[in-house]
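Q: This is the structure alone, sequence omitted:
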């Protein structure tokens, strides 16, 4: 068993600089409205899905678009780390990107993150004006959402090996069962 040394929590709300105090131990440390959220390290199957989604999006990306894994998004007093982030051309390149630069965020759901990925994170991404949200569920199944009137509306539920063409964030063909 590995022992972790904890430090004293900040007085008041957690902020982005506090995130730098944590070790790179595989846990995901995020801040939601000044409160710390910690998710356990993900299994290799999760990491393989993230790599497959990144490869699919990068292969279709137009010039000057960026597809990144684990790039932080700063949303008010929240600092979230989506599994995959697609940045528009001429993005700022900041360590914590501005939601205005983000065209798509993708979360690969696990049992430990299911409620966070289905309820809390999409509401924050929508509030920030991020136009597209994808959630990869076990199976795998891809669910795509587009921003409507301050919330996401479901657009597609895709599974299987037959490629499906999507238009957002740019034209891309996806076949979730090939991501395994």
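A: All right, it came through fine. Fair warning: this is a prediction, and the values are worked out from it, not measured in the lab.
Q: quick one: the strands in this structure?
A: Assigned by DSSP state E, the strands in the chain fall at 28-32, 35-39, 66-69, 72-75, 78-80, 84-87, 96-97, 102-108, 132-137, 141-147, 152-159, 164-166, 172-174.
Q: Strand partners (parallel or antiparallel) of the last one?
A: Here strand 172-174 has these sheet partners by DSSP bridges: strand 164-166 (antiparallel).
Q: And the contacts of the partner strand?
A: 144, 156, 158, 171-175 (CB atoms under 8 Å, 6 or more residues apart in numbering). Where C-beta positions appear, they are placed from N, C-alpha and C, glycine not excepted.
Q: Let me have the residues you listed in JSON lines, extended by distance to residue 70, neighbour count and pLDDT.
A: Formatted as JSON lines, those follow (distance: CB to CB, whole Å; neighbours: other CB atoms under 10 Å; pLDDT from 0 to 100):
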{"residue": "144", "distance to residue 70": "21", "neighbour count": "21", "pLDDT": "98"}
{"residue": "156", "distance to residue 70": "24", "neighbour count": "15", "pLDDT": "97"}
{"residue": "158", "distance to residue 70": "24", "neighbour count": "20", "pLDDT": "98"}
{"residue": "171", "distance to residue 70": "25", "neighbour count": "10", "pLDDT": "98"}
{"residue": "172", "distance to residue 70": "20", "neighbour count": "19", "pLDDT": "98"}
{"residue": "173", "distance to residue 70": "24", "neighbour count": "12", "pLDDT": "98"}
{"residue": "174", "distance to residue 70": "20", "neighbour count": "21", "pLDDT": "98"}
{"residue": "175", "distance to residue 70": "24", "neighbour count": "15", "pLDDT": "97"}
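Q: which residue is nearest the centroid of this protein?
A: residue 82 (2.0 Å; CA atoms, centre = their mean).
Q: ok, that residue - contacts?
A: The contact partners of residue 82, taken as CB under 8 Å, 6+ apart, are 70-71, 73, 105-107, 121, 125.
Q: ok, now with 7 Å
A: Neighbour list for residue 82: 73, 105-107 [criterion: CB atoms under 7 Å, 6 or more residues apart in numbering].
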